[in-house]
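Asks: I'd like to go over a predicted model; first the sequence, then the structure.
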Amino acid sequence: RGRRHSRILARLSGDQRIWALSSCMALVSLGLYVLIVRRLQPVHPLPVPWWVLGAMFGLAEVFVVKFEIRRGTVSFSLNEIPLVLGLFFADPTNLVLGQTAGAAAALALHRRQKPIKLAFNLSLLSLQACLALLVFHPILSLGDPLGPVGWGATLLVTHTLDVVSSLMVGMAISLREAKPIALRGLLGVGTAITFANTGLALLAVIIVWAHPASSWLLLVAAVVVFLGFHAHGSLRRAHNQLRLLYESHRAAEAASDVESMLFSTLSGARDML
């Protein structure tokens, strides 16, 4: 059976494999929502409409930080903040709808993503929303939402989603290029950003829960965090470019003839581009 599946994948193009992966994630998301998620109850009586969450998720997708991993670019955003707020203050259906609709508007209208990439991202986001609710609610029922139980549940959710996202992105790249890819870079950067965003999101939950009038202060903290991540991403891109330039220069110096030197130089230029 494994060989049969391998032969089927070999007959599909890279784009067709990505469409198949996106379809599987969408079907799993739909099944989880129909069977479990739509029956869950909100944690806090403060109802947050889906369109408010959608606007927050949309802004998070507009203002992103980009990191170069191998030959691709991976984007990270502050979407943990609306996600965590939605887990505590929104109806589960509103959270799934708000995340999917907000991200769809930002990715389609602002980033103008191609249909294949848009379908992959939206199916991944819907899967993440359903998994977040499935992990969060059983743990939160064990204790105080604003205490260690709530903190642990939130951190576990965001870390789980970070791992799932990295695995799906890595799988998509592997299917597209028909070869495995190392996830060390994806997980390392993503985990650090996820824990930083989650800490800020938990502070937001405590402020909104206890002092709603002070919620505007969260905007200042979110802007500072975004600027910090943006600066880090710029430095990372500059470092990668310098590393490639240095490696191509070393390879050209080590070449034994003109043809080898030209090949090494052009290979380095190709990698940089």
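Replies: Structure's in. What do you need?
Asks: what's the pLDDT at Leu77?
Replies: That one is not Leu; residue 77 is Ser. We note a pLDDT of 76 for Ser77 in this prediction.
Asks: Just give me the neighbour total for it.
Replies: 21 (other CB atoms under 10 Å). (Each C-beta comes from the backbone N, C-alpha and C, glycine too.)
Asks: Backbone torsions only: list them for it.
Replies: phi -130, psi -180 (degrees, to the nearest 10).
Asks: gap between it and Val169?
Replies: Remark: distance between Ser77 and Val169 (CB to CB, to the nearest Å) = 14 Å.
Asks: do Ser22 as well
Replies: Distance, Ser22 to Val169, by CB to CB: 12 Å.
Asks: can you check Val149 too?
Replies: 31 Å.
Asks: which one is Ala153 nearest to, not counting chain neighbours?
Replies: Of all residues not flanking Ala153 in the chain, Ile139 sits nearest, at 3.9 Å (CB to CB, 6 or more residues apart in numbering).
Asks: That neighbour touches Gly152, doesn't it?
Replies: Yes: using CB atoms under 8 Å, Ile139 is in contact with Gly152, at 6.9 Å.
Asks: Val149 and Val169: who's more crowded?
Replies: Set side by side, Val149 and Val169 show more neighbours around Val169, with 20 against 15, by other CB under 10 Å.
Asks: Now do the helix or strand containing the more buried one: distance to the chain's middle.
Replies: Here Val169 sits within helix 148-177, counting by DSSP states H and E. Distance of helix 148-177 from the chain centroid (CA atoms, centre = their mean, to the nearest Å) equals 8 Å.
Asks: what's the answer for stretch 198-213, then?
Replies: 22 Å.
Asks: buried set for that stretch?
Replies: Buried residues in stretch 198-213, defined by neighbour count with 16 or more other CB atoms under 10 Å: 198-202, 204-205, 207-209.
Asks: Among these, which lie within helices?
Replies: 198-202, 204-205, 207-209 (DSSP state H).
Asks: between the residues you listed, which is closest to His44?
Replies: Trp209 (6.8 Å; CB to CB).
Asks: where does the nearest residue to that closest one once chain neighbours are set aside land in three-state SS?
Replies: Using CB to CB, 6+ apart and skipping the chain neighbours, the partner closest in space to Trp209 is Leu146 (6.3 Å). In the three-state summary, Leu146 is assigned as coil, counting by DSSP: H, G, I helix; E, B strand; the rest coil.
Asks: Need the pLDDT of Leu21.
Replies: 94.
Asks: Residues contacting the helix or strand in which it is found, please?
Replies: Per DSSP H and E: Leu21 is located in helix 14-35. Here helix 14-35 makes contact (CB atoms under 8 Å, 6 or more residues apart in numbering) with 9, 12, 96, 116, 119-120, 122-124, 126-127, 129-131, 134, 168, 171-172, 175-178.
Asks: per-residue confidence for the residue nearest to Trp209?
Replies: Value for Leu146, per-residue pLDDT: 90.
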